[in-house]
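Enquirer: Here you go, sequence then predicted model.
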Amino acid sequence: MIEVVTRKEQELFKSRVQEHPSYDELLSQVSLLESMVAQREAQDENTDAALLYRKLFEQMLFEVHIWELVRNQEGEILSWRLVGANPAALKTWGKTLDEVKGKLTDETFPDAHAVKQFLPIIRKIFQESVPQVWESYFQGTDQVLSMISIPVGERFISCGVDVTPLRTTERELLEKSRQLNTALSATINSVSRTLGSGDPYTAGHQQRGSLISEKIADELALDPSTIEGIKQGALIHDIGKIAIPSDFLTKPTQLSDMEFEVIKTHTTEGARIMADIEFPWPIREIILQHHERLDGSGYPSGLKGDEIIMEVRIIAVSDVFESMVSDRPYRAALGMSAALEELGRGSGKLYDETVVSALGRVIERGELHL
Ligand SMILES: [Fe+2]
(Lines give C-alpha, C1' and ligand atoms only; values in the text may rest on other atoms or scores of the structure.)
Protein backbone atom coordinates (compact mmCIF):
# COMPACT_ATOMS: atom_id res chain seq x y z
CA MET A 1 0.00 0.00 0.00
CA ILE A 2 2.79 2.42 0.91
CA GLU A 3 4.27 2.13 -2.57
CA VAL A 4 1.37 3.94 -4.22
CA VAL A 5 1.62 6.92 -1.82
CA THR A 6 4.01 9.75 -2.72
CA ARG A 7 7.03 10.54 -0.61
CA LYS A 8 5.38 13.77 0.57
CA GLU A 9 2.30 11.87 1.73
CA GLN A 10 4.50 9.33 3.53
CA GLU A 11 6.27 12.19 5.37
CA LEU A 12 2.92 13.74 6.30
CA PHE A 13 1.71 10.41 7.60
CA LYS A 14 4.89 9.83 9.65
CA SER A 15 4.81 13.32 11.18
CA ARG A 16 1.15 12.95 12.17
CA VAL A 17 1.84 9.57 13.80
CA GLN A 18 4.86 10.90 15.65
CA GLU A 19 3.01 13.99 16.87
CA HIS A 20 -0.02 11.99 18.07
CA PRO A 21 1.11 8.59 19.16
CA SER A 22 -2.17 7.57 20.83
CA TYR A 23 -3.84 4.33 19.70
CA ASP A 24 -7.01 6.11 18.54
CA GLU A 25 -5.00 8.63 16.63
CA LEU A 26 -2.97 5.87 15.11
CA LEU A 27 -6.18 4.20 13.96
CA SER A 28 -7.45 7.45 12.54
CA GLN A 29 -4.17 7.95 10.68
CA VAL A 30 -4.34 4.46 9.28
CA SER A 31 -7.82 5.27 8.09
CA LEU A 32 -6.49 8.52 6.54
CA LEU A 33 -3.78 6.55 4.81
CA GLU A 34 -6.30 4.07 3.46
CA SER A 35 -8.45 6.86 2.06
CA MET A 36 -5.36 8.47 0.49
CA VAL A 37 -4.50 5.17 -1.15
CA ALA A 38 -8.07 4.63 -2.36
CA GLN A 39 -8.15 8.14 -3.80
CA ARG A 40 -4.83 7.64 -5.54
CA GLU A 41 -5.91 4.30 -6.97
CA ALA A 42 -9.10 5.89 -8.30
CA GLN A 43 -7.07 8.71 -9.84
CA ASP A 44 -4.71 6.21 -11.43
CA GLU A 45 -7.62 4.23 -12.82
CA ASN A 46 -9.15 7.37 -14.29
CA THR A 47 -5.82 8.34 -15.77
CA ASP A 48 -5.39 4.85 -17.24
CA ALA A 49 -8.92 4.87 -18.71
CA ALA A 50 -8.44 8.35 -20.20
CA LEU A 51 -5.15 7.24 -21.71
CA LEU A 52 -6.71 4.11 -23.18
CA TYR A 53 -9.63 6.05 -24.70
CA ARG A 54 -7.25 8.68 -26.07
CA LYS A 55 -5.13 5.94 -27.70
CA LEU A 56 -8.24 4.28 -29.12
CA PHE A 57 -9.49 7.62 -30.50
CA GLU A 58 -6.15 8.38 -32.12
CA GLN A 59 -5.28 4.95 -33.46
CA MET A 60 -8.57 3.55 -34.69
CA LEU A 61 -9.04 3.21 -38.43
CA PHE A 62 -12.62 4.51 -38.34
CA GLU A 63 -13.45 8.18 -38.47
CA VAL A 64 -14.47 9.63 -35.11
CA HIS A 65 -15.59 13.23 -34.70
CA ILE A 66 -17.13 15.12 -31.83
CA TRP A 67 -19.59 17.93 -32.51
CA GLU A 68 -21.31 20.53 -30.38
CA LEU A 69 -24.84 21.66 -31.11
CA VAL A 70 -25.66 25.19 -32.20
CA ARG A 71 -29.19 26.16 -31.18
CA ASN A 72 -31.27 29.29 -31.69
CA GLN A 73 -32.88 31.20 -28.82
CA GLU A 74 -35.89 28.88 -28.90
CA GLY A 75 -33.57 25.92 -28.35
CA GLU A 76 -34.02 24.58 -31.85
CA ILE A 77 -30.98 22.82 -33.31
CA LEU A 78 -29.65 24.80 -36.29
CA SER A 79 -26.22 23.32 -36.92
CA TRP A 80 -23.22 21.74 -35.18
CA ARG A 81 -19.65 22.78 -34.60
CA LEU A 82 -16.58 20.53 -34.59
CA VAL A 83 -14.99 19.95 -31.20
CA GLY A 84 -12.51 17.27 -32.20
CA ALA A 85 -11.69 14.67 -34.85
CA ASN A 86 -9.34 11.73 -34.85
CA PRO A 87 -6.45 11.36 -37.36
CA ALA A 88 -8.49 8.92 -39.51
CA ALA A 89 -11.22 11.54 -40.00
CA LEU A 90 -8.72 14.33 -40.68
CA LYS A 91 -6.96 12.13 -43.22
CA THR A 92 -10.23 11.45 -45.07
CA TRP A 93 -11.15 15.11 -45.01
CA GLY A 94 -7.62 16.17 -46.08
CA LYS A 95 -7.59 18.79 -43.29
CA THR A 96 -5.60 19.55 -40.16
CA LEU A 97 -7.36 19.84 -36.81
CA ASP A 98 -6.54 23.56 -36.67
CA GLU A 99 -8.33 24.10 -39.98
CA VAL A 100 -11.59 22.54 -38.82
CA LYS A 101 -11.79 22.78 -35.03
CA GLY A 102 -14.54 25.15 -33.90
CA LYS A 103 -15.98 25.46 -37.40
CA LEU A 104 -19.59 24.78 -38.33
CA THR A 105 -20.13 21.65 -40.39
CA ASP A 106 -21.21 23.62 -43.48
CA GLU A 107 -18.11 25.83 -43.21
CA THR A 108 -15.84 22.78 -43.33
CA PHE A 109 -17.82 20.85 -45.92
CA PRO A 110 -19.66 23.42 -48.06
CA ASP A 111 -20.32 20.91 -50.87
CA ALA A 112 -21.81 18.26 -48.60
CA HIS A 113 -24.77 20.45 -47.48
CA ALA A 114 -24.60 18.51 -44.22
CA VAL A 115 -27.15 20.63 -42.33
CA LYS A 116 -29.70 20.32 -45.12
CA GLN A 117 -29.05 16.58 -45.45
CA PHE A 118 -28.59 15.50 -41.85
CA LEU A 119 -30.48 17.97 -39.65
CA PRO A 120 -33.49 15.60 -39.32
CA ILE A 121 -31.20 12.79 -38.14
CA ILE A 122 -29.35 15.00 -35.64
CA ARG A 123 -32.66 16.32 -34.28
CA LYS A 124 -33.94 12.76 -33.95
CA ILE A 125 -30.83 11.73 -32.01
CA PHE A 126 -31.46 14.46 -29.42
CA GLN A 127 -35.24 14.06 -29.35
CA GLU A 128 -34.92 10.35 -28.61
CA SER A 129 -31.63 10.57 -26.66
CA VAL A 130 -30.46 7.31 -28.17
CA PRO A 131 -27.65 6.56 -30.63
CA GLN A 132 -28.73 6.40 -34.26
CA VAL A 133 -27.19 4.29 -37.00
CA TRP A 134 -27.50 5.80 -40.44
CA GLU A 135 -25.91 5.67 -43.84
CA SER A 136 -25.46 8.44 -46.30
CA TYR A 137 -23.85 9.52 -49.51
CA PHE A 138 -21.74 12.61 -48.94
CA GLN A 139 -22.00 14.96 -51.87
CA GLY A 140 -18.67 16.52 -52.74
CA THR A 141 -16.63 13.61 -51.40
CA ASP A 142 -18.37 10.81 -53.36
CA GLN A 143 -18.25 8.84 -50.13
CA VAL A 144 -20.87 6.58 -48.66
CA LEU A 145 -20.45 6.44 -44.90
CA SER A 146 -22.13 4.15 -42.43
CA MET A 147 -22.38 6.24 -39.26
CA ILE A 148 -23.30 5.84 -35.63
CA SER A 149 -24.00 9.07 -33.79
CA ILE A 150 -24.15 9.10 -30.00
CA PRO A 151 -25.61 12.02 -28.03
CA VAL A 152 -23.59 13.21 -25.01
CA GLY A 153 -25.10 16.30 -23.35
CA GLU A 154 -25.04 19.08 -25.92
CA ARG A 155 -22.51 17.17 -27.98
CA PHE A 156 -22.55 14.10 -30.14
CA ILE A 157 -19.88 11.66 -31.16
CA SER A 158 -20.07 10.31 -34.71
CA CYS A 159 -18.16 7.26 -35.78
CA GLY A 160 -18.11 6.54 -39.52
CA VAL A 161 -16.98 3.67 -41.67
CA ASP A 162 -16.35 4.27 -45.35
CA VAL A 163 -18.57 1.74 -47.15
CA THR A 164 -18.10 3.28 -50.61
CA PRO A 165 -16.24 0.27 -52.15
CA LEU A 166 -18.80 -2.12 -50.64
CA ARG A 167 -21.78 -0.18 -51.99
CA THR A 168 -20.09 0.28 -55.42
CA THR A 169 -19.52 -3.49 -55.66
CA GLU A 170 -23.12 -4.15 -54.54
CA ARG A 171 -24.43 -1.78 -57.21
CA GLU A 172 -22.31 -3.42 -59.91
CA LEU A 173 -23.39 -6.90 -58.82
CA LEU A 174 -27.05 -5.84 -58.80
CA GLU A 175 -26.69 -4.42 -62.31
CA LYS A 176 -24.99 -7.62 -63.52
CA SER A 177 -27.68 -9.72 -61.86
CA ARG A 178 -30.38 -7.58 -63.50
CA GLN A 179 -28.72 -8.00 -66.91
CA LEU A 180 -28.45 -11.77 -66.41
CA ASN A 181 -32.08 -12.04 -65.35
CA THR A 182 -33.16 -10.01 -68.39
CA ALA A 183 -31.15 -12.32 -70.68
CA LEU A 184 -32.55 -15.37 -68.90
CA SER A 185 -36.13 -14.11 -69.21
CA ALA A 186 -35.63 -13.36 -72.91
CA THR A 187 -34.20 -16.86 -73.45
CA ILE A 188 -37.10 -18.51 -71.61
CA ASN A 189 -39.59 -16.45 -73.60
CA SER A 190 -37.87 -17.41 -76.83
CA VAL A 191 -37.83 -21.12 -75.92
CA SER A 192 -41.49 -20.88 -74.92
CA ARG A 193 -42.49 -19.35 -78.27
CA THR A 194 -40.41 -21.89 -80.19
CA LEU A 195 -42.11 -24.68 -78.28
CA GLY A 196 -45.54 -23.45 -79.30
CA SER A 197 -44.64 -22.66 -82.91
CA GLY A 198 -45.30 -26.18 -84.24
CA ASP A 199 -48.58 -26.62 -82.44
CA PRO A 200 -51.42 -24.16 -83.11
CA TYR A 201 -53.25 -25.24 -79.95
CA THR A 202 -50.37 -24.63 -77.59
CA ALA A 203 -49.04 -21.52 -79.38
CA GLY A 204 -49.67 -18.65 -76.98
CA HIS A 205 -51.01 -21.00 -74.30
CA GLN A 206 -47.95 -20.61 -72.10
CA GLN A 207 -47.76 -16.83 -72.64
CA ARG A 208 -51.39 -16.44 -71.61
CA GLY A 209 -50.91 -18.87 -68.73
CA SER A 210 -47.93 -16.82 -67.59
CA LEU A 211 -50.00 -13.62 -67.65
CA ILE A 212 -52.81 -15.22 -65.62
CA SER A 213 -50.29 -16.65 -63.14
CA GLU A 214 -48.70 -13.23 -62.69
CA LYS A 215 -52.11 -11.62 -62.03
CA ILE A 216 -52.91 -14.26 -59.39
CA ALA A 217 -49.46 -13.91 -57.77
CA ASP A 218 -49.90 -10.11 -57.67
CA GLU A 219 -53.34 -10.54 -56.12
CA LEU A 220 -51.81 -12.78 -53.44
CA ALA A 221 -49.14 -10.09 -52.80
CA LEU A 222 -46.25 -12.51 -53.19
CA ASP A 223 -42.72 -11.09 -53.16
CA PRO A 224 -41.32 -9.80 -56.49
CA SER A 225 -38.76 -12.60 -56.91
CA THR A 226 -41.43 -15.31 -56.40
CA ILE A 227 -43.72 -13.55 -58.88
CA GLU A 228 -40.90 -13.42 -61.44
CA GLY A 229 -40.23 -17.14 -60.91
CA ILE A 230 -43.94 -17.90 -61.41
CA LYS A 231 -44.01 -15.84 -64.63
CA GLN A 232 -40.93 -17.58 -66.01
CA GLY A 233 -41.95 -21.04 -64.82
CA ALA A 234 -45.40 -20.67 -66.39
CA LEU A 235 -43.79 -19.72 -69.71
CA ILE A 236 -41.75 -22.88 -69.87
CA HIS A 237 -43.67 -25.40 -67.74
CA ASP A 238 -44.61 -27.57 -70.75
CA ILE A 239 -41.11 -27.69 -72.24
CA GLY A 240 -41.13 -31.49 -71.85
CA LYS A 241 -43.71 -31.69 -74.66
CA ILE A 242 -40.77 -31.28 -77.00
CA ALA A 243 -40.08 -34.98 -76.31
CA ILE A 244 -43.69 -36.08 -77.06
CA PRO A 245 -44.81 -37.04 -80.58
CA SER A 246 -46.79 -34.06 -81.93
CA ASP A 247 -49.56 -36.38 -83.20
CA PHE A 248 -50.39 -37.17 -79.57
CA LEU A 249 -50.51 -33.52 -78.61
CA THR A 250 -52.84 -32.47 -81.43
CA LYS A 251 -55.04 -35.53 -81.58
CA PRO A 252 -58.65 -34.33 -82.06
CA THR A 253 -60.16 -37.45 -80.49
CA GLN A 254 -59.96 -39.05 -77.04
CA LEU A 255 -56.45 -40.30 -76.19
CA SER A 256 -55.89 -43.97 -75.46
CA ASP A 257 -54.50 -44.93 -72.04
CA MET A 258 -51.13 -45.64 -73.60
CA GLU A 259 -51.08 -42.28 -75.40
CA PHE A 260 -52.02 -40.49 -72.21
CA GLU A 261 -49.24 -42.28 -70.30
CA VAL A 262 -46.78 -41.02 -72.93
CA ILE A 263 -48.11 -37.45 -72.66
CA LYS A 264 -47.78 -37.58 -68.86
CA THR A 265 -44.03 -38.05 -69.24
CA HIS A 266 -43.68 -34.42 -70.41
CA THR A 267 -43.31 -33.46 -66.74
CA THR A 268 -40.33 -35.72 -66.04
CA GLU A 269 -38.89 -35.15 -69.53
CA GLY A 270 -39.05 -31.37 -68.97
CA ALA A 271 -37.34 -31.67 -65.59
CA ARG A 272 -34.66 -33.85 -67.20
CA ILE A 273 -34.06 -31.29 -69.97
CA MET A 274 -33.62 -28.56 -67.34
CA ALA A 275 -31.70 -30.70 -64.85
CA ASP A 276 -28.33 -28.99 -65.37
CA ILE A 277 -29.54 -25.42 -65.67
CA GLU A 278 -29.46 -23.31 -62.53
CA PHE A 279 -32.16 -20.68 -62.25
CA PRO A 280 -32.75 -18.12 -59.51
CA TRP A 281 -36.28 -19.58 -59.33
CA PRO A 282 -37.58 -23.17 -58.80
CA ILE A 283 -38.13 -23.73 -62.54
CA ARG A 284 -37.30 -27.44 -62.48
CA GLU A 285 -39.80 -28.07 -59.64
CA ILE A 286 -42.46 -26.07 -61.50
CA ILE A 287 -41.96 -28.19 -64.63
CA LEU A 288 -41.94 -31.43 -62.66
CA GLN A 289 -44.92 -30.65 -60.40
CA HIS A 290 -47.28 -28.69 -62.66
CA HIS A 291 -49.76 -31.60 -63.05
CA GLU A 292 -49.78 -32.50 -59.35
CA ARG A 293 -53.10 -31.91 -57.60
CA LEU A 294 -53.83 -31.05 -53.94
CA ASP A 295 -55.56 -34.38 -53.16
CA GLY A 296 -52.68 -36.45 -54.53
CA SER A 297 -54.53 -37.43 -57.73
CA GLY A 298 -52.03 -35.69 -60.03
CA TYR A 299 -48.84 -36.89 -61.64
CA PRO A 300 -45.99 -37.82 -61.81
CA SER A 301 -45.52 -38.27 -58.02
CA GLY A 302 -49.00 -37.92 -56.54
CA LEU A 303 -47.83 -35.08 -54.24
CA LYS A 304 -50.39 -33.68 -51.78
CA GLY A 305 -51.16 -30.27 -50.25
CA ASP A 306 -48.07 -28.38 -49.11
CA GLU A 307 -45.81 -30.89 -50.84
CA ILE A 308 -46.73 -28.93 -53.97
CA ILE A 309 -44.91 -25.60 -54.05
CA MET A 310 -46.95 -22.37 -54.12
CA GLU A 311 -45.61 -21.47 -57.56
CA VAL A 312 -47.12 -24.69 -58.93
CA ARG A 313 -50.43 -24.27 -57.10
CA ILE A 314 -50.81 -20.96 -58.95
CA ILE A 315 -49.58 -22.23 -62.34
CA ALA A 316 -51.82 -25.31 -62.09
CA VAL A 317 -54.91 -23.10 -61.72
CA SER A 318 -53.90 -20.68 -64.48
CA ASP A 319 -52.94 -23.59 -66.76
CA VAL A 320 -56.33 -25.29 -66.37
CA PHE A 321 -58.19 -21.99 -66.58
CA GLU A 322 -56.33 -20.96 -69.75
CA SER A 323 -57.06 -24.34 -71.36
CA MET A 324 -60.77 -24.03 -70.59
CA VAL A 325 -61.09 -20.53 -72.04
CA SER A 326 -59.25 -21.55 -75.26
CA ASP A 327 -60.38 -23.66 -78.21
CA ARG A 328 -58.96 -27.16 -77.98
CA PRO A 329 -58.69 -29.88 -80.68
CA TYR A 330 -61.57 -31.76 -79.04
CA ARG A 331 -63.85 -28.91 -77.81
CA ALA A 332 -64.69 -25.24 -78.15
CA ALA A 333 -63.65 -22.63 -75.59
CA LEU A 334 -65.68 -22.05 -72.41
CA GLY A 335 -66.34 -18.50 -71.24
CA MET A 336 -64.43 -17.10 -68.25
CA SER A 337 -67.38 -17.44 -65.86
CA ALA A 338 -68.02 -21.07 -66.83
CA ALA A 339 -64.32 -21.87 -66.55
CA LEU A 340 -64.15 -20.26 -63.12
CA GLU A 341 -67.25 -22.19 -62.05
CA GLU A 342 -65.59 -25.40 -63.20
CA LEU A 343 -62.42 -24.53 -61.27
CA GLY A 344 -64.57 -23.72 -58.23
CA ARG A 345 -65.83 -27.31 -58.19
CA GLY A 346 -62.25 -28.52 -57.72
CA SER A 347 -61.31 -25.74 -55.31
CA GLY A 348 -59.88 -27.13 -52.06
CA LYS A 349 -59.77 -30.63 -53.55
CA LEU A 350 -57.69 -30.38 -56.70
CA TYR A 351 -56.79 -26.71 -56.59
CA ASP A 352 -55.68 -24.34 -53.85
CA GLU A 353 -58.72 -22.41 -52.59
CA THR A 354 -56.81 -19.16 -52.04
CA VAL A 355 -55.51 -19.31 -55.61
CA VAL A 356 -58.94 -19.96 -57.14
CA SER A 357 -60.43 -17.13 -55.03
CA ALA A 358 -57.65 -14.76 -56.10
CA LEU A 359 -58.33 -15.59 -59.77
CA GLY A 360 -62.03 -14.95 -59.14
CA ARG A 361 -61.29 -11.49 -57.74
CA VAL A 362 -59.02 -10.63 -60.69
CA ILE A 363 -61.77 -11.66 -63.17
CA GLU A 364 -64.45 -9.86 -61.18
CA ARG A 365 -62.48 -6.62 -61.42
CA GLY A 366 -62.22 -7.12 -65.19
CA GLU A 367 -58.41 -7.16 -65.10
CA LEU A 368 -57.96 -10.22 -67.28
CA HIS A 369 -57.95 -9.65 -71.02
CA LEU A 370 -57.08 -12.81 -72.94
FE1 LIG B 1 -48.37 -29.79 -68.87
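Expert: Sure thing, it's come through.
Enquirer: separation between residue 320 and residue 71?
Expert: 68 Å (C-beta to C-beta, to the nearest Å). From N, CA and C alone the C-beta is placed, and that goes for glycine too.
Enquirer: And for residue 327?
Expert: 76 Å.
Enquirer: So what's the predicted local confidence for residue 25?
Expert: Here the pLDDT value assigned to residue 25 is 68.
Enquirer: Ignore what I typed, I meant residue 317.
Expert: For residue 317, pLDDT reads 96.
Enquirer: how near is it to residue 287?
Expert: From residue 317 to residue 287 the distance is 17 Å (C-beta to C-beta).
Enquirer: again with residue 8
Expert: For residue 8, the distance to residue 287 - C-beta to C-beta - is 90 Å.
Enquirer: which of these two has more neighbours?
Expert: A count of neighbours by other C-beta atoms under 10 Å puts residue 287 above the other of residue 8 and residue 287, at 25 against 8.
Enquirer: If you drop the residues flanking it in sequence, what lies closest to the more buried one?
Expert: Distances taken as C-beta to C-beta, 6 or more residues apart in numbering place residue 270 nearest to residue 287, at 3.9 Å, with adjacent residues excluded.
Enquirer: how is this protein carved up into domains?
Expert: For the chain, automatic domain parsing gives the domain ranges 2-56, 63-162, 168-364.
Enquirer: What count of nearby residues applies to residue 252?
Expert: Neighbours around residue 252, by other C-beta under 10 Å: 9.
Enquirer: Then the one 5 residues further on?
Expert: Using other C-beta under 10 Å, residue 257 is surrounded by 7 other residues.
Enquirer: same check, this time on the one 3 residues further on
Expert: The local packing of residue 260 (other C-beta under 10 Å) involves 12 other residues.
Enquirer: again, but for residue 54
Expert: 11.
Enquirer: check which helix or strand covers it.
Expert: helix 23-59 (DSSP states H and E).
Enquirer: Show me what secondary structure element comes after that helix.
Expert: strand 63-71.
Enquirer: What lies in contact with that next one?
Expert: 57, 77-86, 88-89, 92, 104-105, 122, 126, 145, 154-162 (C-beta atoms under 8 Å, 6 or more residues apart in numbering).
Enquirer: follow-up on the earlier one: next, the angle strand 63-71 makes with the helix holding residue 54.
Expert: For helix 23-59 against strand 63-71, the angle by axes from the mean of the first three to the mean of the last three C-alpha atoms, to 10 degrees is 100 degrees.
Enquirer: what helices or strands is helix 23-59 leaning on?
Expert: Judged by 3 or more C-beta pairs under 8 Å, 6 or more residues apart in numbering; DSSP states H and E, helix 23-59 is in contact with helix 7-19.
Enquirer: Now for residue 274, how many residues are close by?
Expert: 19.
Enquirer: What pLDDT is listed against it?
Expert: Per the predicted model, pLDDT is 91 at residue 274.
Enquirer: likewise residue 364?
Expert: 92.
Enquirer: Next, find the distance separating it from residue 358.
Expert: With C-beta to C-beta as the criterion, residue 364 and residue 358 are 11 Å apart.
Enquirer: for residue 56, same thing?
Expert: 57 Å.
Enquirer: Settle it for me: which of these two has more neighbours?
Expert: Shown here are residue 56 and residue 358; by other C-beta under 10 Å, residue 358 has more neighbours (20 against 11).
Enquirer: which one is residue 228 nearest to, not counting chain neighbours?
Expert: Nearest to residue 228 is residue 281, by C-beta to C-beta, 6+ apart, at 6.6 Å.
Enquirer: In contact with the nearest residue to residue 321 once chain neighbours are set aside, which residues?
Expert: Nearest residue to residue 321, sequence neighbours excluded (C-beta to C-beta, 6+ apart): residue 339, at 5.5 Å. Residues near residue 339 by C-beta under 8 Å, 6+ apart: 321, 324, 325.
Enquirer: Now do the helices in the stretch 251-370 of the chain.
Expert: Taking DSSP state H, counting those that start in this stretch, the helices of the stretch 251-370 of the chain run over residues 257-264, 266-273, 283-289, 310-324, 336-346, 353-364.
Enquirer: Please identify which of those is closest to residue 218.
Expert: helix 353-364 (8.2 Å; C-beta to C-beta).
Enquirer: Mind giving me the packing neighbours of the closest one?
Expert: helix 205-219, helix 310-324, helix 336-346.
Enquirer: Flag the shaky bits of the chain, pLDDT-wise.
Expert: 1-6, 9-10, 12-23, 25-26, 29-30, 139-141, 198-203, 329-330 (pLDDT under 70).
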